[in-house]
Structures are given as C-alpha cells and as structure tokens.
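Visitor: Return atomic coordinates for the entry below.
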Amino acid sequence: MERISKHMHPEIAPEECRASFGFRWLGARRHSSQGAKRRVAFLLLFLGAGLMPMQLRAGPPGVFEETGSLVGPSWGDWATLLPSGKVLFGSQLYDPASGTWSGNGGSLTFFPETLLPNGKVLTEGGLQFTGHVTEARPYAALYNPVSGIWTSTANMTTARYAHAATLLPNGLALVTGGVDIFVLPDAEVFDPASETWIPNGRLIKSRAHHSATLLPNGKVLIAGGDTGYGCTAFANSELYDPASGASTATGSLNIPRYGHSAILLPDGRVLVVGGLDRCNYTNPLASAELYDPASGIWTATGSLSIARRRSTATLLPNGKVLVAGGDDGTTVLSSAELYDPASGIWTSTGSLVTARRHHIAALLPNGKVLIAGGYDGSNNILSSSELYVGPSAPTALLNIATRMRVLTGDRVLIGGFIITGPEQKRVLIRGVGPSLNGVGGTLSDPTLELHQGAATLAMNDNWKTRTSGTSQQADIEATTIAPANDLEPAILVTLSPGAYTAILGGKNGGTGVGLVEVYDLGQGANSKLANISTRGFVDIGDNVMIGGLIVGGGTGDGLARVVVRALGPSVPVTGALENPTLDLHDGSGTLVSSNDNWKTRPDGTSQQAEIEATGIQPTNDLESALVRTLPAGSYTAIVRGMNSTTGVGLVETYNLP
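Guide: Here you go, the predicted structure:
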C-alpha cells in the first residue's frame, strides 16, 4: 500500500487544512507487467444531484463473448453475486475464474432473491400449481454458500407472488406488495438472526410487478406496478419508511408501467426503463424516466432505440447502464444499449452472441457482465451463457468529486489529492454550485483555490477568465468538460508529482451545497492521481457527508481490498464531529457494512487486530473504520454523527495490496 496517511496531512494544505483526509484512488490501466495487472481503478463520485463521471475519450464498443454452458437449460429473473465472487442462478453456480458452471441442472428463478449480511441468500413466495388451480405460496428458503444447499425457513405471514424484495440497512429483508388472491398492500420483513417474518406496515396502494429501490436516506422508493393481472398499470409511486412501516406519496411516473427495470444511479437518482403499460404484451415501452429524491419528481429521459421487455438492466462500473436482449413484443432481441446518465442518451453497443429474453444478468468482480439462460426466438430454454466486456477506456480515471454543504472558516470544502510517479500530470479542477440541478440551497457563486503546502498556486472565481484577467475559455472548452455556469470556477494546470489541496468556498462568505472535482487529462502519462481528500461539515438529512467510489475493471480478478475510515475527534479543529458513524452501500443502495467504533463490529466481535494490521487505524476509539474486499461496482460511504449530531468530519478510503 502506498502510504498516504499521517505523513500526508501536513503537506496537503495550508494550516487550516492539515487534517484533510483521503479518498484513495489508484488508476488502473492495461499494462503488461504483473504488478500493473493487479491494480484496481477507484473513482470517487458523490451521491447527490446531477454529477456523473464524464468520458474524456471514446472507447471501442463493448462486445459479448461466449463463456461456459449451464449445467441445464434455465430461465429466470434473478441471479445473486455471492461474496466469493461466484454467481448463484437457482441451483447452479458460475465461477468467473474458470468460466464454468456447476450444480444441479435446470433453474427457474422467477421470484426475488436477497443476499443477506450473513452470506446466505433468501428467496420467498411464488406460485404453487395444484391440478388446475394456481395459488400464491408463503414458502421461503435459504441458500447456504458453504454447503451449497437450499433449505426451508419460516413461511411469510402472507402468501404472495409478483412482489418486490429489498435488503434494508439494518440487515432485514423487506418484501412489499404482490398477489395472494387479490393484490396486496402489506409489507413484512425477514430477520436473518431469528429466521422469522414480522409484519411491517402497509403501502398506500396495493400493487404487484412494481419496483422497490433503497435510497441513500434509508427509505424505499416503490414505483409503478399493476393490479396483479397486468391489465391496469400504475403511474403513482410512494416512499416507504422501514422504521415506521408507513408510506408517503411522492411524484408520479410520466407513463404508467409495470414489469420495468429500476436502477439506483451513482448520483442518487433512480432510473426506470421499459416495461408494459397494459396487458397487450406485443407493445412494450421504450421510454425511460429518472426520479430525483431531492425534488420527488420524475422526469423523462432518453428512450431506448428499441422497445423491449424481459430484458436485463445492469449498472456498470463506469456509471452507465447496460440493457441487453429481451423482446419487442414479436421478436427476441440480440441487441444491447448503453445509457449515459450524464447526457441522458442511449447508444448501441455490441450484440449478444445469442438472442434471448427472460434471462439473467450479473455484474462480476472483474467488471464484466454475465448473461445466462432465458428463451430463444423458438421458445426453447437456453443453456448458453456469455460475457459483456465493456470498452477499455472507462476503466481509466474519469474524474474525482465530492459534494457537501459548504460553509465558512474551517467548514469550507477542502479537497486534497496526490500525484505520484516520475512525470507531470495535466488536470482540470472545477468548483460546481449553480449548475447542481434539483438541489436546494446550492452555492450561488463558488470560488476555488489550489495550494501546495503553504504556497497558493492558482485561484479562480469565474471559469472563463483567469485571476490575471486573461481569458482561459478556449483552453478549458477544448477539454470538453467546461463548467455549465459562468459563475463556476475552474483551474487548468499541469502539476508535478506531489500533494495538493483544492479549497472551495463561497464568494463574499456565501454558503450552500457545492462540489469540487478533479479530472485527469493526462491518462497516458507515467504518473497517476493517487489520492483525493475531502474534509467538511457533517450535517444531518441530505447534508451528511457523502463520498462514493467505483471499483472498476482493469485486469486480474477485479477485486479490491479497502479500508474506509470516518474521523471526527482526531480532526484538530473547533467543532469536530464527536462520534462519527460509517455506512458503506453498494450501487443498488444495499448496505455492505457499517461501523460505529472502529475496534468493534456491529455484532460485537473485535476487528481491532485486523485494522491495526493495515497500519492506518484511527487514533480515537469513537472513530469508525471498515475493512472489506469489494468486487467491481459502485459504492457510497456515508458519514453521520451519532444521534444526529453535527460537526467537522472526514471520510477516507485506502486501497490495500
């Protein structure tokens, strides 16, 4: 591990910045050396309004390539990436290392699966066929990855199918809606510790075939759905609060839909794609919409080039969404499309080796996407599987950013970064405020400073003009990522290896929500952007500290072992956060891990020795830390104050060898 911990702080900023902390970013490029092959790309994002990674160079289109065949023909909607990196599809396992399947042949995973914090997989509900009678079932089962066996567990309190399942931050598994004899409004949770089901409130509207997406604030967005029989689609949506079991209405979809895909994007918005608006299966939807949690409003975004149903939607490590296969109502499709949240545009990518619908898709630890099973155009169940291999360019650094509430004095936004290697690196640093659409109370006129140690290297107020009064508009526009608002600052500079600090403040003491970004414009240089550090004021609600990272492709197994720390008491400023807590979520919003005091895990066991072995343990017992091995994907680290306290805090992520 490249040490950037205690030694870096005195060098990263002027006096007031010396407690800055680091989001660790290690660039991954395709080199021939074995050491380079093990590098994993980290991209810091923020979870807020509107910012997405921006591709500086267009890469070649993604391609699909064949991999091992299933043990037996299978179809379904659900597959689970296990902590081991293998993929569970019914009773079959795919091993990315060997590209082979094992287990029992034949799978029908039509009903939700939930990966629990203990590593087991829960499935529940479904249909039972007795003679000519079809009825919902209350059954539930658990898959044990150690034994490789499914076993029955307690029945749900209500039989149901066509429901939605969501893992909550507290480790309980939530199911909502569905159909018994009639469409259901109720919700219940499964407790993995006691293996029992507990009723947990009701939805405002009874619905089936809906989506349920866990938001960063812990609430669940319930969107669309139907009456259970597919002939009346709903446009309304609601926010379910697991803590109270109550729901509140939120904005309605522009188009009623059911059976759609829903994806939580790295910027906190929710994308829904396709589905059906009525029981005419020959007319699926091509439209897509975005939900903004800040405003509670759905807005239309770009439409698929081909309307499709029974397709798959997968969030890729570069922040784009891959939609593959399905059918257009008459023809089974081999085409695939990519959605770019930055532009709202869909573009074609490589085609599937085999046209298929009702198949599964899973993002693998190496950044590839496994596509398996389903039906072909002759209605045959398929045994084949294939891998989507994305363009190589997005695995390089696109940008690093952090968003939070910018105040004054010690509470400005302080972002530090380190350039390592023997060569200089050209970077663009931007301060954003007015163009943060959908965010209340943005920084109306941000200013930006770049420091190295006590020296001020550059300052900027409005991006088109340097502090000297000369124009830099043409130079910054040539990067293709100029700020969207004239009041936003930018610094374009070539830097030697070393530690730097970017400070974002408000002009004339202004305050509000802002973000600082660092873009790598010299990805071919023999140097890398090795660290991003941010310190600021941790508030409550939407103004907690939010930092994101993406573990991306490169070569090798694609896994990254990381230490994530949340500091407060050791930050040497007045008003430091007294007792920080830390939550780590994956790209779907699922809680990966959490911590309050770093020496002890949530279950009471000690992790002191494990964290001390990294050499970067916190210096105060009240500070938080996690050690995790993460597969490819996007993650969000959220720092709060225990019992809704506030203060200056920081969050950092280190990549371990």
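
Visitor: Low-confidence regions, the stretch 451-600 of the chain specifically.
Guide: Within the stretch 451-600 of the chain, the ranges that satisfy pLDDT under 70 run 520, 522-537, 542, 547-560.

Visitor: Please repeat the previous calculation with a cut-off of 80.
Guide: 453-454, 479-480, 496-499, 513-539, 541-562, 572-573, 587-589 (pLDDT under 80).

Visitor: Please report phi then psi for the residue nearest the centre of the chain.
Guide: The residue lying closest to the centre of the chain (Cα atoms, centre = their mean) is residue 587, at 2.1 Å. For residue 587, the backbone dihedrals (degrees, to the nearest 10) come out as phi -70, psi -20.

Visitor: Run through the residues that contact it.
Guide: Contacts for residue 587 (Cβ atoms under 8 Å, 6 or more residues apart in numbering) come out as 264, 266, 315, 633-635. From N, CA and C alone the C-beta is placed, and that goes for glycine too.

Visitor: Narrow the residues you listed to those in strands?
Guide: By the criterion of DSSP state E, membership of the contacts of residue 587 in strands covers 264, 315, 633-635.

Visitor: Which one of these is nearest to residue 426?
Guide: residue 634 (26.2 Å; Cβ to Cβ).

Visitor: partners of the closest one in the sheet?
Guide: For residue 634, the beta-bridge partners under DSSP bridges are residue 550.

Visitor: Surely it and residue 268 touch.
Guide: No. Contact criterion Cβ atoms under 8 Å: residue 634 and residue 268 do not qualify, at 11.3 Å.

Visitor: ok so, going back, including distance to residue 175 and neighbour count, could the contacts of residue 587 go into CSV?
Guide: CSV is the format used below for these (distance: Cβ to Cβ, whole Å; neighbours: other Cβ atoms under 10 Å):
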residue, distance to residue 175, neighbour count
264, 18, 26
266, 26, 25
315, 22, 24
633, 24, 24
634, 25, 26
635, 25, 23
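
Visitor: Have a look at those and tell me the least confident one.
Guide: Ranked by pLDDT, the contacts of residue 587 bottom out at residue 633, which scores 67.

Visitor: so residue 419 is in which element?
Guide: strand 413-420 (DSSP states H and E).

Visitor: what pLDDT, on average, does that strand get?
Guide: Across strand 413-420, pLDDT averages out at 70.

Visitor: that older thread, go through the ones in strands among the contacts of residue 587 and name the one nearest residue 135.
Guide: residue 264 (33.3 Å).

Visitor: okay, the ones in strands among the contacts of residue 587 in TSV with distance to residue 465 next?
Guide: Conversion of these to TSV gives the following (distance: Cβ to Cβ, whole Å):
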residue	distance to residue 465
264	39
315	39
633	40
634	36
635	38
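
Visitor: Looking at those, which is nearest residue 81?
Guide: Nearest to residue 81 among the ones in strands among the contacts of residue 587, counting by Cβ to Cβ, is residue 633 at 8.7 Å.

Visitor: how's this structure carved up into domains?
Guide: Taking automatic domain parsing as the domain assignment, the ranges for the chain are 9-59+396-656, 63-391.

Visitor: For the ones you listed, which has the smallest mean pLDDT value?
Guide: Across the domains of the chain, domain 9-59+396-656 gives the lowest mean pLDDT, at a mean of 70.

Visitor: Check the burial of the closest residue to residue 644 other than its chain neighbours by counting its neighbours.
Guide: Excluding its sequence neighbours, the residue lying closest to residue 644 (Cβ to Cβ, 6 or more residues apart in numbering) is residue 540, at 5.0 Å. The number of residues packed near residue 540 is 11, by other Cβ atoms under 10 Å.

Visitor: other SSEs contacting the helix or strand in which residue 213 is found?
Guide: In this assignment (DSSP H and E), residue 213 forms part of strand 211-214. Here strand 211-214 touches strand 164-167, strand 220-223, strand 261-264, going by 3 or more Cβ pairs under 8 Å, 6 or more residues apart in numbering; DSSP states H and E.

Visitor: So which of those strands is the most surrounded?
Guide: strand 220-223 (a mean of 26; mean count of other Cβ atoms under 10 Å).

Visitor: Now do it: which elements does it pack against?
Guide: strand 173-176, strand 211-214, strand 237-241, strand 270-273.

Visitor: deepest of those, which one?
Guide: Ranked by mean neighbours (mean count of other Cβ under 10 Å), those are led by strand 173-176, with a mean of 26.
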